[in-house]
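Asker: Would you be able to build a 3D model of this:
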Amino acid sequence: MLVFETLQAHQQTSALRAGIELKVFTAIAGGARTPETLAPVCAASVKGLRVLCDFLTISGFLTKDESGFALTPDSELFLVESSPAYMGGMASFLFHPFMEKGLANVTDAVRKGGTILPDRGSVSDDNPVWVNFARGMAPLTAPSAGVIARLAAGTGPIKVLDIAAGHGMFGITVAQHNPAAEIRALDWKNVLAVAHENAVKFGVAERWRVIEGSAFAADFGSGYDLVLVTNFIHHFDVPTNIDLFEKIRAAMKPGAKMAIVEMAVNDDRITPASAGMFAMTMLTTTPSGDVFSQREIASMCTSAGFHDVAHHSVPATPQTVTIAVN
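Answerer: Below is the predicted model:
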């Protein structure tokens with residue numbers, strides 16, 4: 001029954017969160033397959049682990065036979081800490097008390113038409129939640145960052161501005177593809193510290209510099225060949241985004257490209273489902289954020305003076321890369 005299943009759906013989220021926090025998936029990958037052998041590794045009770053692992057099996061994250069529990073292919077790839085595709089770090093952002101408080105007040109957000117959180121919600125100046133985002137969400141960027149690099153990194157010297165860089169992986173990926181690319185990453189100081197760690201880790205720190213502050217207030221400089229606006233405009237309304245695009249355009253060379261990454265909805269606003277549902281996150285955590293369609297994104301670009309706007313799907317994700325030319 002859909003109503004009952006939906007009212008109970010929070011249990012699946014909470015169980016997965018517990019599995020991540022107790023490092024259950026990593027422990028099973030290391031050879032502990034029963035509640036008795038998992039208990040000392042996970043620092044938890046035998047009974048608790050039995051109930052949790054049974055629940056995770058029913059939910060599709062584990063399998064179970066007479067030898068004990070085992071990982072599914074997805075759990076092995078995304079939930080074992082040693083995996084390069086590990087996504088468990090996302091929990092620190094998605095389950096941050098700030099985000100949970102917003103989603104716990106959907107009724108009031110619907111009445112208001114925006115978040116009830118104080119200080120402009122997630123878009124408040126220098127919000128510490130974005131450090132959790134930078135540390136936890138980087139694995140999701142690989143497909144869309146790869147598409148941008150293929151379409152816009154080029155091979156010769158280019159100057160790149162990475163707006164609201166967060167973890168920095170979009171600019172870093174461009175720098176990896178083009179050894180002549182110079183990156184300027186813009187974000188708050190505490191977030192840029194995480195991005196710098198990644199720039200060092202991936203060997204591009206010598207070509208990576210920072211601009212501290214808000215995208216709406218900071219001085220971008222000028223002469224950019226490529227500007228990255230990734231997973232950012234959904235935090236704001238259309239007029240605000242057009243103003244931002246105009247500011248970006250003024251900092252670009254003629255013929256330069258702006259690359260936008262968004263979870264774009266179709267015109268019906270309910271497909272693809274994951275993109276359509278993301279509007280609820282924006283409603284509950286931002287004053288005026290929303291999801292946009294490809295048509296709406298293109299309209300914002302052209303209103304700001306860009307041309308030759310083209311959309312590119314990102315395989316196996318709900319995201320779209322939009323390239324607009326100055």
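
Asker: Can you give the domain ranges for the chain?
Answerer: Here the domain assignment for the chain is 2-83, 121-325, based on automatic domain parsing.

Asker: Among those, pick out the one with the most neighbours on average.
Answerer: domain 121-325 (a mean of 19; mean count of other C-beta atoms under 10 Å). (Each C-beta comes from the backbone N, C-alpha and C, glycine too.)

Asker: Could I get the average pLDDT for stretch 167-183?
Answerer: Mean pLDDT, stretch 167-183: 96.

Asker: wait, I meant stretch 88-99
Answerer: In this model, stretch 88-99 has an average pLDDT of 77.

Asker: Any idea how far apart the tips of it sit?
Answerer: Chord length of stretch 88-99, first to last residue, is 17 Å (C-alpha to C-alpha, to the nearest Å).

Asker: So for it, what gets flagged as buried?
Answerer: Neighbour counts over stretch 88-99 (16 or more other C-beta atoms under 10 Å) mark 88-96, 98-99 as buried.

Asker: ok but residue 69 is inside a helix, no?
Answerer: No - Residue 69 is assigned strand when assessed by DSSP: H, G, I helix; E, B strand; the rest coil, not a helix.

Asker: ok, it touching residue 25?
Answerer: No - using C-beta atoms under 8 Å, residue 69 makes no contact with residue 25, being 9.8 Å away.

Asker: picking that back up, any chance of the domains of the chain in JSON lines, plus distance to residue 114?
Answerer: Below are those laid out as JSON lines (distance: least, C-beta to C-beta, whole Å):
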{"stretch": "domain 2-83", "distance to residue 114": "24"}
{"stretch": "domain 121-325", "distance to residue 114": "4"}
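
Asker: Which among the ones you listed is found nearest to residue 104?
Answerer: Nearest to residue 104, of all these, is domain 121-325, at 8.4 Å by C-beta to C-beta.

Asker: so who does residue 194 touch?
Answerer: Remark: with contacts taken as C-beta atoms under 8 Å, 6 or more residues apart in numbering, residue 194 is in contact with 131, 134-135, 166-168.

Asker: my guess is it is in a helix, correct?
Answerer: Yes - using three-state DSSP, the assignment for residue 194 is a helix.

Asker: ok, residues contacting the lengthiest strand in the chain?
Answerer: Longest strand in the chain by number of residues (criterion: DSSP state E): strand 252-262. Strand 252-262 is contacted from outside by 144, 148, 151-152, 170, 223-231, 233-234, 245, 248-249, 291-292, 297, 301, 306, 314, 319-326, using C-beta under 8 Å, 6+ apart.

Asker: let's see it at 6 Å
Answerer: For strand 252-262, contacts defined as C-beta atoms under 6 Å, 6 or more residues apart in numbering pick out 144, 148, 152, 223-231, 319-326.

Asker: Which ones among the residues you listed map onto helices?
Answerer: 144, 148, 152 (DSSP state H).

Asker: any idea which of these is closest to residue 274?
Answerer: Checking the ones in helices among the contacts of strand 252-262 one by one against residue 274 (C-beta to C-beta), the nearest turns out to be residue 144, at 13.9 Å.

Asker: can you pull the contacts of the residue nearest to the spatial centre of the chain?
Answerer: Centroid-nearest residue in the chain, with C-alpha atoms, centre = their mean: residue 137, separated by 4.9 Å. Applying C-beta under 6 Å, 6+ apart to residue 137 gives the contacts 90, 93.

Asker: Appreciated, that's everything.
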